[in-house]
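Engineer: Got a predicted structure plus its sequence, pasted below:
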Amino acid sequence: MNEVKNSCLGLIFDVQRYSIHDGPGIRTTVFFKGCPLKCWWCHNPEGIDSGKELMYFEYKCMHCGTCAEVCPMGAIEFDESPRVSRHLCIACGNCSAACPSDALRLVGRGYTVGELMKEIERDVLYFDNSSGGVTFSGGEPLYQHEFLLEVLKECKKMGIHRTLDTSGFAPQEVLALVADYVDLFLYDLKLIDEKEHIKYTGVSNAQIKENLRFLVNYGRAKDIILRFPVIPGINDTPDNVDDMVEFISTLKGLREIDLLPYHDVSEKYNRLDKDYKMTVHKSPSRERLMEIKRKFEDIGLYVKL
Ligand code: SF4
Ligand code: SF4
(Lines give C-alpha, C1' and ligand atoms only; values in the text may rest on other atoms or scores of the structure.)
(Ligands and ions follow the chains in the order given, each with its own letter.)
Protein backbone atom coordinates (compact mmCIF):
# COMPACT_ATOMS: atom_id res chain seq x y z
CA MET A 1 0.00 0.00 0.00
CA ASN A 2 1.24 3.47 -0.89
CA GLU A 3 2.13 5.24 2.37
CA VAL A 4 3.19 8.47 0.66
CA LYS A 5 1.91 11.58 2.41
CA ASN A 6 -0.30 13.38 -0.09
CA SER A 7 -1.72 16.26 1.95
CA CYS A 8 0.99 18.67 0.95
CA LEU A 9 0.93 20.32 -2.51
CA GLY A 10 3.92 21.68 -4.36
CA LEU A 11 3.88 24.07 -7.30
CA ILE A 12 6.31 22.83 -9.95
CA PHE A 13 7.04 24.46 -13.29
CA ASP A 14 8.97 21.69 -14.98
CA VAL A 15 10.15 18.13 -14.52
CA GLN A 16 13.09 17.46 -16.80
CA ARG A 17 14.14 13.88 -17.31
CA TYR A 18 17.59 12.76 -18.48
CA SER A 19 19.40 15.87 -17.19
CA ILE A 20 23.17 15.59 -17.14
CA HIS A 21 24.20 19.03 -15.88
CA ASP A 22 22.51 19.16 -12.48
CA GLY A 23 24.63 16.73 -10.48
CA PRO A 24 26.21 13.31 -11.03
CA GLY A 25 24.88 10.75 -13.53
CA ILE A 26 21.53 10.87 -15.28
CA ARG A 27 19.02 12.86 -13.28
CA THR A 28 15.46 14.05 -13.13
CA THR A 29 15.43 17.76 -12.34
CA VAL A 30 12.36 19.14 -10.60
CA PHE A 31 11.89 22.90 -10.92
CA PHE A 32 10.06 24.56 -8.02
CA LYS A 33 8.03 27.73 -8.47
CA GLY A 34 8.86 30.78 -6.36
CA CYS A 35 12.11 32.45 -5.39
CA PRO A 36 12.77 35.27 -2.88
CA LEU A 37 15.63 36.55 -5.06
CA LYS A 38 15.19 38.62 -8.19
CA CYS A 39 18.55 38.24 -9.90
CA TRP A 40 18.80 40.48 -12.95
CA TRP A 41 20.27 37.68 -15.05
CA CYS A 42 18.00 34.84 -13.83
CA HIS A 43 17.87 32.12 -16.49
CA ASN A 44 14.56 30.78 -15.23
CA PRO A 45 12.30 33.85 -14.88
CA GLU A 46 9.26 31.55 -14.99
CA GLY A 47 10.46 30.22 -11.61
CA ILE A 48 10.53 33.57 -9.78
CA ASP A 49 6.82 34.19 -9.08
CA SER A 50 5.24 31.82 -6.60
CA GLY A 51 1.98 31.49 -8.54
CA LYS A 52 1.00 30.10 -11.92
CA GLU A 53 1.53 32.41 -14.88
CA LEU A 54 1.11 32.48 -18.63
CA MET A 55 3.91 32.30 -21.16
CA TYR A 56 3.23 33.40 -24.73
CA PHE A 57 5.28 31.93 -27.59
CA GLU A 58 4.74 34.33 -30.46
CA TYR A 59 6.42 32.15 -33.08
CA LYS A 60 3.82 29.43 -32.49
CA CYS A 61 0.76 31.69 -32.61
CA MET A 62 -1.71 31.20 -35.47
CA HIS A 63 -3.45 34.51 -34.66
CA CYS A 64 -6.86 32.86 -34.47
CA GLY A 65 -8.19 34.80 -31.46
CA THR A 66 -9.63 31.75 -29.69
CA CYS A 67 -7.79 32.59 -26.47
CA ALA A 68 -9.56 35.95 -26.16
CA GLU A 69 -12.96 34.31 -26.73
CA VAL A 70 -12.57 31.77 -23.93
CA CYS A 71 -11.05 34.02 -21.26
CA PRO A 72 -13.63 34.47 -18.45
CA MET A 73 -11.90 37.61 -17.17
CA GLY A 74 -11.58 39.58 -20.40
CA ALA A 75 -7.84 39.51 -19.74
CA ILE A 76 -6.89 38.94 -23.37
CA GLU A 77 -7.21 41.70 -25.89
CA PHE A 78 -6.97 40.46 -29.45
CA ASP A 79 -5.85 42.68 -32.28
CA GLU A 80 -4.06 40.41 -34.76
CA SER A 81 -2.10 39.08 -31.80
CA PRO A 82 -3.23 38.41 -28.22
CA ARG A 83 -2.16 40.75 -25.43
CA VAL A 84 -2.60 39.54 -21.84
CA SER A 85 -3.49 41.99 -19.09
CA ARG A 86 -1.58 40.25 -16.35
CA HIS A 87 -3.41 42.04 -13.53
CA LEU A 88 -6.74 40.59 -14.71
CA CYS A 89 -5.52 37.04 -15.29
CA ILE A 90 -6.55 34.48 -12.67
CA ALA A 91 -4.43 31.72 -14.22
CA CYS A 92 -7.46 29.53 -14.95
CA GLY A 93 -5.76 27.99 -17.98
CA ASN A 94 -8.79 28.22 -20.32
CA CYS A 95 -6.79 30.03 -22.99
CA SER A 96 -3.83 27.64 -22.97
CA ALA A 97 -6.19 24.64 -23.08
CA ALA A 98 -8.07 26.13 -26.06
CA CYS A 99 -5.04 27.37 -28.00
CA PRO A 100 -4.67 25.13 -31.08
CA SER A 101 -0.92 25.66 -31.42
CA ASP A 102 0.38 25.57 -27.85
CA ALA A 103 1.32 29.24 -28.10
CA LEU A 104 0.06 29.94 -24.59
CA ARG A 105 1.38 27.85 -21.76
CA LEU A 106 0.27 28.02 -18.14
CA VAL A 107 3.47 27.64 -16.16
CA GLY A 108 3.17 25.91 -12.80
CA ARG A 109 1.32 22.76 -11.87
CA GLY A 110 0.30 21.57 -8.42
CA TYR A 111 1.66 18.14 -7.48
CA THR A 112 0.99 15.98 -4.48
CA VAL A 113 4.03 14.22 -3.05
CA GLY A 114 2.73 10.95 -4.49
CA GLU A 115 2.26 12.42 -7.97
CA LEU A 116 5.76 13.83 -8.04
CA MET A 117 7.21 10.56 -6.75
CA LYS A 118 5.54 8.73 -9.61
CA GLU A 119 7.35 11.04 -12.07
CA ILE A 120 10.66 10.55 -10.28
CA GLU A 121 10.30 6.77 -9.98
CA ARG A 122 9.95 6.39 -13.76
CA ASP A 123 13.72 6.70 -14.16
CA VAL A 124 15.03 4.78 -11.18
CA LEU A 125 16.75 2.30 -13.52
CA TYR A 126 18.66 5.12 -15.22
CA PHE A 127 19.62 6.55 -11.82
CA ASP A 128 20.93 3.16 -10.68
CA ASN A 129 22.91 2.54 -13.86
CA SER A 130 24.52 5.99 -13.98
CA SER A 131 24.90 6.81 -10.26
CA GLY A 132 22.38 9.58 -10.92
CA GLY A 133 19.28 10.66 -9.04
CA VAL A 134 16.97 13.60 -8.58
CA THR A 135 17.84 17.30 -8.42
CA PHE A 136 15.57 19.89 -6.86
CA SER A 137 15.98 23.25 -8.55
CA GLY A 138 13.88 26.28 -9.37
CA GLY A 139 13.09 28.95 -8.46
CA GLU A 140 14.24 28.23 -4.93
CA PRO A 141 13.19 24.79 -3.65
CA LEU A 142 13.60 25.90 -0.02
CA TYR A 143 10.80 28.41 -0.64
CA GLN A 144 8.42 25.40 -0.54
CA HIS A 145 10.37 23.59 2.14
CA GLU A 146 7.51 21.56 3.62
CA PHE A 147 6.75 19.94 0.29
CA LEU A 148 10.45 19.58 -0.50
CA LEU A 149 11.07 17.82 2.81
CA GLU A 150 8.33 15.27 2.19
CA VAL A 151 9.65 14.47 -1.29
CA LEU A 152 13.23 14.24 0.00
CA LYS A 153 12.11 11.77 2.65
CA GLU A 154 10.36 9.59 0.08
CA CYS A 155 13.41 9.63 -2.21
CA LYS A 156 15.65 8.71 0.71
CA LYS A 157 13.39 5.78 1.59
CA MET A 158 13.83 4.54 -1.99
CA GLY A 159 17.60 5.05 -1.97
CA ILE A 160 17.46 7.76 -4.68
CA HIS A 161 20.38 10.20 -4.66
CA ARG A 162 19.20 13.73 -3.84
CA THR A 163 20.75 17.02 -4.97
CA LEU A 164 19.53 20.44 -3.87
CA ASP A 165 20.27 23.37 -6.19
CA THR A 166 19.88 26.42 -3.95
CA SER A 167 20.58 30.12 -3.59
CA GLY A 168 21.11 29.43 0.11
CA PHE A 169 18.62 32.15 0.98
CA ALA A 170 16.39 30.63 3.66
CA PRO A 171 16.08 30.65 7.45
CA GLN A 172 18.82 28.47 8.92
CA GLU A 173 16.31 26.25 10.70
CA VAL A 174 14.76 25.43 7.31
CA LEU A 175 18.13 24.47 5.86
CA ALA A 176 18.90 22.39 8.96
CA LEU A 177 15.57 20.60 8.57
CA VAL A 178 16.28 19.42 5.02
CA ALA A 179 20.08 19.03 5.20
CA ASP A 180 20.05 15.46 6.51
CA TYR A 181 18.00 14.33 3.52
CA VAL A 182 20.25 15.98 0.92
CA ASP A 183 23.27 14.15 -0.53
CA LEU A 184 24.70 17.01 -2.56
CA PHE A 185 24.24 20.77 -2.44
CA LEU A 186 24.72 22.93 -5.55
CA TYR A 187 25.20 26.21 -3.70
CA ASP A 188 25.17 29.54 -5.53
CA LEU A 189 27.57 32.33 -4.65
CA LYS A 190 27.05 35.48 -6.68
CA LEU A 191 28.44 38.62 -5.07
CA ILE A 192 30.34 39.13 -1.84
CA ASP A 193 29.71 42.86 -1.39
CA GLU A 194 26.37 43.13 0.41
CA LYS A 195 25.23 46.37 -1.24
CA GLU A 196 25.97 44.99 -4.70
CA HIS A 197 24.16 41.78 -3.80
CA ILE A 198 21.08 43.73 -2.74
CA LYS A 199 21.23 45.82 -5.92
CA TYR A 200 21.41 42.86 -8.30
CA THR A 201 19.36 40.21 -6.47
CA GLY A 202 17.02 42.20 -4.24
CA VAL A 203 18.23 40.60 -0.98
CA SER A 204 21.19 40.73 1.41
CA ASN A 205 23.76 37.96 1.18
CA ALA A 206 24.35 37.77 4.96
CA GLN A 207 22.04 34.76 5.39
CA ILE A 208 23.50 33.05 2.32
CA LYS A 209 27.07 33.30 3.62
CA GLU A 210 25.95 32.31 7.11
CA ASN A 211 24.11 29.25 5.81
CA LEU A 212 27.12 28.13 3.80
CA ARG A 213 29.29 28.41 6.89
CA PHE A 214 26.65 26.47 8.84
CA LEU A 215 26.73 23.58 6.34
CA VAL A 216 30.54 23.50 6.40
CA ASN A 217 30.62 23.51 10.21
CA TYR A 218 27.97 20.78 10.15
CA GLY A 219 30.50 18.55 8.39
CA ARG A 220 28.98 18.84 4.93
CA ALA A 221 31.79 20.66 3.06
CA LYS A 222 32.55 17.59 0.94
CA ASP A 223 28.90 17.47 -0.15
CA ILE A 224 28.87 21.01 -1.53
CA ILE A 225 29.63 22.17 -5.06
CA LEU A 226 29.73 25.96 -5.25
CA ARG A 227 28.20 27.57 -8.31
CA PHE A 228 29.30 30.95 -9.58
CA PRO A 229 27.16 32.45 -12.37
CA VAL A 230 29.69 34.66 -14.16
CA ILE A 231 27.96 37.87 -15.23
CA PRO A 232 30.05 40.30 -17.29
CA GLY A 233 30.45 43.71 -15.67
CA ILE A 234 28.51 42.69 -12.56
CA ASN A 235 30.34 39.95 -10.68
CA ASP A 236 33.30 39.03 -12.90
CA THR A 237 35.16 42.12 -11.68
CA PRO A 238 38.61 41.67 -10.10
CA ASP A 239 37.22 42.98 -6.77
CA ASN A 240 34.39 40.48 -6.57
CA VAL A 241 36.50 37.53 -7.69
CA ASP A 242 39.16 38.41 -5.09
CA ASP A 243 36.45 38.77 -2.42
CA MET A 244 35.03 35.37 -3.41
CA VAL A 245 38.47 33.77 -3.15
CA GLU A 246 39.01 35.37 0.27
CA PHE A 247 35.60 34.29 1.58
CA ILE A 248 35.85 30.73 0.29
CA SER A 249 39.34 30.42 1.79
CA THR A 250 37.80 30.84 5.24
CA LEU A 251 35.64 27.73 4.70
CA LYS A 252 37.62 24.56 5.13
CA GLY A 253 36.96 21.44 3.10
CA LEU A 254 35.18 22.87 0.05
CA ARG A 255 36.44 21.10 -3.05
CA GLU A 256 34.72 22.33 -6.18
CA ILE A 257 33.30 25.42 -7.82
CA ASP A 258 31.47 25.42 -11.16
CA LEU A 259 31.56 28.54 -13.33
CA LEU A 260 28.27 29.16 -15.12
CA PRO A 261 28.79 31.69 -17.93
CA TYR A 262 25.94 34.15 -18.44
CA HIS A 263 23.92 34.03 -21.60
CA ASP A 264 21.15 36.29 -22.79
CA VAL A 265 17.63 35.05 -22.00
CA SER A 266 15.68 38.20 -22.84
CA GLU A 267 13.32 36.16 -25.02
CA LYS A 268 12.05 34.28 -21.97
CA TYR A 269 11.27 37.56 -20.20
CA ASN A 270 9.34 38.80 -23.24
CA ARG A 271 7.20 35.68 -23.13
CA LEU A 272 6.20 36.57 -19.56
CA ASP A 273 5.93 40.36 -20.16
CA LYS A 274 8.67 40.84 -17.58
CA ASP A 275 11.42 43.48 -17.65
CA TYR A 276 14.86 42.17 -18.49
CA LYS A 277 17.18 44.49 -16.63
CA MET A 278 20.41 43.22 -18.13
CA THR A 279 22.04 45.66 -20.50
CA VAL A 280 24.96 43.34 -21.24
CA HIS A 281 23.98 40.70 -23.73
CA LYS A 282 27.31 39.02 -24.36
CA SER A 283 28.62 35.99 -22.53
CA PRO A 284 31.92 36.36 -20.65
CA SER A 285 35.00 35.82 -22.79
CA ARG A 286 36.87 32.53 -22.66
CA GLU A 287 39.93 34.49 -21.59
CA ARG A 288 38.18 36.04 -18.57
CA LEU A 289 36.71 32.69 -17.57
CA MET A 290 40.16 31.12 -17.65
CA GLU A 291 41.56 33.94 -15.47
CA ILE A 292 38.80 33.39 -12.92
CA LYS A 293 39.33 29.63 -13.10
CA ARG A 294 43.01 30.04 -12.21
CA LYS A 295 42.14 32.25 -9.21
CA PHE A 296 39.99 29.51 -7.71
CA GLU A 297 42.47 26.79 -8.61
CA ASP A 298 45.11 28.73 -6.68
CA ILE A 299 43.17 28.08 -3.46
CA GLY A 300 42.95 24.37 -4.19
CA LEU A 301 39.47 24.16 -5.73
CA TYR A 302 38.61 21.95 -8.66
CA VAL A 303 36.98 24.31 -11.16
CA LYS A 304 34.49 23.12 -13.73
CA LEU A 305 33.47 25.26 -16.70
S1 SF4 B 1 -5.32 31.97 -17.84
FE2 SF4 B 1 -7.56 32.26 -17.74
S3 SF4 B 1 -7.78 34.35 -16.91
FE4 SF4 B 1 -5.67 34.18 -17.60
S5 SF4 B 1 -5.69 34.99 -19.66
FE6 SF4 B 1 -5.95 32.75 -19.84
S7 SF4 B 1 -8.15 32.42 -19.88
FE8 SF4 B 1 -7.82 34.50 -19.16
S1 SF4 C 1 -5.45 30.80 -29.27
FE2 SF4 C 1 -3.25 30.45 -29.46
S3 SF4 C 1 -2.87 30.54 -31.65
FE4 SF4 C 1 -4.86 31.48 -31.32
S5 SF4 C 1 -4.36 33.68 -31.03
FE6 SF4 C 1 -4.42 32.78 -29.03
S7 SF4 C 1 -2.27 32.29 -28.62
FE8 SF4 C 1 -2.45 32.57 -30.83
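Structural biologist: Perfect, I can see it now. Ligands and ions are numbered 1, 2, ... in the order given.
Engineer: Going by C-alpha atoms from here, please, whenever you check contacts or count neighbours.
Structural biologist: OK.
Engineer: closest point of the stretch 151-300 of the chain to ligand 1, which residue?
Structural biologist: Closest contact between the stretch 151-300 of the chain and ligand 1, by Cα to the nearest ligand atom, is at residue 272 (12.0 Å).
Engineer: Go ahead and confirm that residue touches residue 46.
Structural biologist: Yes. Using Cα atoms under 8 Å as the test, residue 272 is close enough to residue 46 to be in contact (7.4 Å).
Engineer: quick one: common contacting residues for those two?
Structural biologist: Both residue 272 and residue 46 are in contact with residue 53, where contact means Cα atoms under 8 Å, 6 or more residues apart in numbering.
Engineer: circling back to that earlier point, leaving out the residues flanking it, which one is nearest to the residue of the stretch 151-300 of the chain closest to ligand 1?
Structural biologist: Setting aside the residues directly before and after it, residue 272 is nearest to residue 55 in space (Cα to Cα, 6 or more residues apart in numbering), at 5.1 Å.
Engineer: List the buried residues of the helix or strand hosting the one you found.
Structural biologist: Using DSSP states H and E, residue 55 falls within strand 53-56. Going by neighbour count (16 or more other Cα atoms under 10 Å), the buried part of strand 53-56 is 53-56.
Engineer: before we move on, what about stretch 290-297?
Structural biologist: Applying a neighbour-count criterion of 16+ other Cα under 10 Å, one finds 292-293, 295-297 buried in stretch 290-297.
Engineer: One more: stretch 166-183?
Structural biologist: Residues of stretch 166-183 classed as buried under the neighbour-count rule (16+ other Cα under 10 Å) are 166-170, 172, 175, 178-179, 181-182.
Engineer: for stretch 31-48, same thing?
Structural biologist: Buried residues in stretch 31-48 (16+ other Cα under 10 Å): 31-43, 45-48.
Engineer: ok, residue 182 touching residue 154?
Structural biologist: No. Taking contacts as Cα under 8 Å, residue 182 lies outside contact range of residue 154: 11.8 Å.
Engineer: Determine which two of the buried residues of stretch 290-297 are furthest apart.
Structural biologist: Farthest apart among the buried residues of stretch 290-297 by Cα to Cα are 292 and 297. That separation is 8.7 Å.
Engineer: Around ligand 2, pick out the residues from the stretch 101-250 of the chain.
Structural biologist: 101, 103-104 (Cα under 6 Å from any ligand atom).
Engineer: Looking at those residues, spot the one nearest ligand 1.
Structural biologist: Set against ligand 1, the nearest of those by Cα to the nearest ligand atom is residue 104 (8.2 Å).
Engineer: Check that closest one and give its pLDDT.
Structural biologist: We note a pLDDT of 98 for residue 104 in this prediction.
Engineer: Quick check: it vs residue 57, distance?
Structural biologist: Counting by Cα to Cα, to the nearest Å, the gap from residue 104 to residue 57 is 6 Å.
Engineer: and what of residue 190?
Structural biologist: Using Cα to Cα, residue 190 is found at 30 Å from residue 57.
Engineer: Then residue 42?
Structural biologist: Distance, residue 42 to residue 57, using Cα to Cα: 19 Å.
Engineer: What of residue 98?
Structural biologist: From residue 98 across to residue 57, the span is 15 Å (Cα to Cα).
Engineer: What strands line up against the strand holding residue 55, and which way round?
Structural biologist: Neighbouring strands of strand 53-56 in its sheet, by DSSP bridges, are strand 104-107 (antiparallel).
Engineer: neighbouring contacts of the strand ranked longest in the chain?
Structural biologist: Taking DSSP state E as the criterion, the chain has its longest strand at strand 9-19. The contact list for strand 9-19 (Cα under 8 Å, 6+ apart) reads 26-33, 46-47, 50-51, 107-113, 123, 144, 147-148.
Engineer: Would you write a PyMOL line that selects the buried entries of these?
Structural biologist: In PyMOL syntax, the buried subset of the contacts of strand 9-19 is picked out as below (16+ other Cα under 10 Å):
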select buried, resi 26+27+28+29+30+31+32+33+46+47+50+51+107+108+111+112+113+123+144+147+148
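Engineer: Please narrow the contacts of strand 9-19 to those residing in strands.
Structural biologist: Among the contacts of strand 9-19, the members found in strands (DSSP E) are 27-32, 107, 109-112.
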